[in-house]
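Asks: how does the following fold in three dimensions:
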Amino acid sequence: MEDHVLEMAMCKSRLSGLVAATFTPMTNDNEINLSVIGQYVDYLVKIQGVRKIFVNGTTGEGMSLSVEERKLVAEEWIKQGKGKLDQVIIHVGALSIKESQELAEHAAKCRASGIAVISPFFFKPQSADVLVEYLKKVASSAPGVPFYYYHLPEMTGVSFNVVDLLDGIERKIPTFQGLKFTSSDLLDFGLCVNNYKDKFDFLFGKDEILLSAIVLGATGAVGSTYNYIGKLYNQMLMDIERGDYKLAGERQAVVQEFIGYVSKLGFGVAENKTTMILISDIPLGPPRLPLLKCSEKKEAEILAKLKTLGWLS
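Replies: Here you go, the predicted model:
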């Protein structure tokens with residue numbers, strides 16, 4: 001009976017469509033700035049048409065925040081998003097399993113829609129089985145909360161084939177709901193979808209090749225650019241629903257033009273955050289060290305490109 005109730009609760013939390021990986025607002029003194037999150041929520045919902053978010057991930061500089069800061073940021077997003085956002089997924093990954101468990105417990109108490117965990121990347125798990133055991137320990141700290149594995153091998157150096165992790169994972173982690181798959185390895189992603197599409201959510205994390213992932217069966221997407229061009233991506237998703245892959249491809253090409261251009265300048269969190277500020281006019285502040293603030297030269301070049309694309313209102 002309990003398993004049936006859990007299954008019903010989990011089904012209500014299935015993720016699909018666009019999920020914005022939110023930036024963490026900072027003051028110029030590099031302190032978290034909770035005061036603009038209400039404005040940020042309204043911008044996502046009213047301007048970009050995005051009602052699902054992923055908090056304290058890579059874009060949100062979660063690994064650069066203290067545990068207490070991460071809790072405060074999570075609480076504020078959930079508070080400000082009440083009645084406006086459909087789902088708030090909190091990333092609780094950390095280098096210390098104790099900290100990750102503490103963050104998972106906190107997310108559960110705050111009634112987060114789900115939690116996600118990245119692999120530890122200093123002392124790395126030596127096998128897929130060890131990684132699953134680690135994820136199990138964290139997930140058990142938030143029983144009943146949908147759980148996602150955040151696959152980001154470019155940053156973690158943990159590059160086991162994800163399809164190998166999924167075999168029987170629901171028996172070890174009953175709350176396991178799916179993946180945030182941030183890798184260009186479409187072979188691994190395709191195998192995951194083909195083998196487990198009826199069981200799990202598959203959220204793709206490379207904005208610039210989302211169309212390819214959708215063709216392979218992605219059920220949704222988590223990304224930073226959905227913060228400021230979510231409207232464009234929603235149009236692309238509607239094109240796909242109508243079967244108009246030509247128009248969808250044209251929209252994806254525009255995104256690739258922008259990301260390709262900015263990548264030559266160095267398209268990290270700082271440049272991405274600057275882009276969000278230029279488009280939304282929300283004062284998000286600089287990133288935190290060791291990340292450096294976007295230079296004035298880069299900002300001017302990004303601004304010029306945004307004007308060329310017509311993305312500035």
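Asks: list the buried residues for whichever strand or helix holds Gly230?
Replies: Using DSSP states H and E, Gly230 maps to helix 226-242. Neighbour counts using 16 or more other C-beta atoms under 10 Å place 226-230, 232-234, 236-237, 239-240 of helix 226-242 among the buried residues. C-beta coordinates here come from the backbone N, C-alpha and C atoms, glycine included.
Asks: same question for stretch 46-64.
Replies: Per 16+ other C-beta under 10 Å, stretch 46-64 contains these buried residues: 48, 50-64.
Asks: which residue packs closest to Ser224, ignoring adjacent ones?
Replies: Thr59 (4.2 Å; C-beta to C-beta, 6 or more residues apart in numbering).
Asks: repeat that for Lys293.
Replies: Spatial nearest neighbour of Lys293, chain neighbours left out: Pro286 (4.2 Å); criterion: C-beta to C-beta, 6+ apart.
Asks: with Thr225 instead?
Replies: Closest residue to Thr225 apart from its sequence neighbours, by C-beta to C-beta, 6+ apart: Asp207 at 4.6 Å.
Asks: likewise Gln256?
Replies: Excluding the flanking residues, the one nearest Gln256 by C-beta to C-beta, 6+ apart is Glu208, at 5.2 Å.
Asks: for Phe122, same thing?
Replies: Phe122's closest residue in space is Leu95 (C-beta to C-beta, 6+ apart), at 5.5 Å.
Asks: wait, is the one you found part of a strand?
Replies: No - Leu95 is assigned coil when assessed by DSSP: H, G, I helix; E, B strand; the rest coil, not a strand.
Asks: who are the contact partners of it?
Replies: 63, 120-123 (C-beta atoms under 8 Å, 6 or more residues apart in numbering).
Asks: any idea which of the residues you listed has the most stuff around it?
Replies: Pro120 (18 neighbours; other C-beta atoms under 10 Å).
Asks: what's the spacing between the helix or strand hosting Cys192 and its chain's center?
Replies: Using DSSP H and E, Cys192 maps to helix 186-196. Between the centre of helix 186-196 and the centre of its host chain there is 19 Å, according to C-alpha atoms, centre = their mean, to the nearest Å.
Asks: give me the helices and strands touching that helix, please.
Replies: Packing partners of helix 186-196 (3 or more C-beta pairs under 8 Å, 6 or more residues apart in numbering; DSSP states H and E): helix 162-165, strand 176-181, strand 201-204, helix 210-216.
Asks: how far out from the middle of the chain is the second one?
Replies: Chain-centre distance of strand 176-181: 11 Å, with C-alpha atoms, centre = their mean.
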